[in-house]
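Trainee: can you look at this prediction? I've put the sequence above it.
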Amino acid sequence: MTDALGWRKKFGVLAPSTNTIVEPDFHAMAVRGVTSHMSRIHIRDQDLSSDEKMVRILEQIDNEIFFAVDRVMTAGIDYLIMAMSAETFWEGLKGNKAFVKRLEDYTGLGVAAGGSACQAALEAFKVNKIAVITPYQAVADDRLCGFFSDIEVEVVRLKGLRCPTAIAIAEVSENDLRNYLQELDGDDVDAIVQMGTNLSMLQLADEAERWLGKPVIAINAAIWWYALRHNNIQDRVYGYGRLLREF
């Protein structure tokens, strides 16, 4: 017997309880026969106003993540998506691989993570000089640059928004993000990468690719693309960037 709606795949999605963007983003990019099922990682203190508090949120996630995994596994999912980016970049390429293996060993399922998705997306576009926009504090931006260095990608410029709380990430306006993209662009970068799954840039990234003339990779699009292709689902999805449309 197969699931009436998820007859191709049922994706379990892990996200912080404060995240209001990734769930509607994934639903917007849905393809027939593939369903996504959210399980929220309990964030008790969402303060992001300093490096120390940023680290504290990641510690909360580490303490709570397997409770969220256990809940979503009861839906009989076929695959697991980690819909948070900072956790998967924190210890560089080696740390991303260890994080994925930890979830794979626990669940027996394949796993999509932000680090793996970004690496695959940049390889698909064959670019190695990028600009990056993040909602994070400096400590996370430093870790992020370390990850890209591990995969031999140069971060030429980075804009860290220093959002004060986890919910505030979702409140950054499209107009501000458009200005930041223009600020980051230049002839010395081959692509722009947006981090933070609670930062709403899915449709703006698609539009920006046309007026910047280069890939603009929104993290939610990259993770969803990676999950589909990792499961041999080759459907092209339009309106959310070249990655889903062309690769």
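Mentor: Structure received. Numbers count the residues shown, from 1 in each chain.

Trainee: give me the phi and psi for residue 193.
Mentor: phi -120, psi 130 (degrees, to the nearest 10).

Trainee: sorry, slip of the keys, the one I care about is residue 37.
Mentor: Main-chain torsions, residue 37, degrees, to the nearest 10: phi -130, psi 110.

Trainee: beta partners of it?
Mentor: Counting by DSSP bridges, residue 37 is bridged to residue 12.

Trainee: just the helices in the protein please.
Mentor: Using DSSP state H, the helices found in the chain span residues 22-28, 51-73, 86-89, 92-107, 114-125, 138-150, 166-169, 174-184, 202-212, 219-230, 242-246.

Trainee: for residue 44, find the nearest of those.
Mentor: helix 51-73 (6.3 Å; C-beta to C-beta). Just so you know, the C-beta spots here come from the backbone N, C-alpha and C atoms, and that holds for glycine as well.

Trainee: now do that closest one against helix 92-107, angle only.
Mentor: Relative orientation of helix 51-73 and helix 92-107, computed by axes from the mean of the first three to the mean of the last three C-alpha atoms, to 10 degrees: 30 degrees.

Trainee: worst mean pLDDT among the helices of the chain?
Mentor: Mean pLDDT per stretch puts helix 86-89 lowest among these, at a mean of 86.

Trainee: ok, residue 133 - contacts?
Mentor: 158-159, 161, 177, 180-181, 184, 192-195, 199, 201 (C-beta atoms under 8 Å, 6 or more residues apart in numbering).

Trainee: any chance of TSV for the helices of the chain, columns distance to residue 44 and mean neighbour count?
Mentor: Formatted as TSV, the helices of the chain follow (distance: least, C-beta to C-beta, whole Å; neighbours: other C-beta atoms under 10 Å):
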stretch	distance to residue 44	mean neighbour count
helix 22-28	20	19
helix 51-73	6	16
helix 86-89	16	24
helix 92-107	22	16
helix 114-125	23	22
helix 138-150	19	19
helix 166-169	11	20
helix 174-184	28	15
helix 202-212	28	18
helix 219-230	24	26
helix 242-246	34	19
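
Trainee: and those: which comes nearest residue 236?
Mentor: helix 242-246 (5.6 Å).

Trainee: contact partners of the closest one?
Mentor: Taking C-beta under 8 Å, 6+ apart as the rule, helix 242-246 contacts 29, 121, 124-125, 209, 215, 217, 221-222, 224-225, 236-238.
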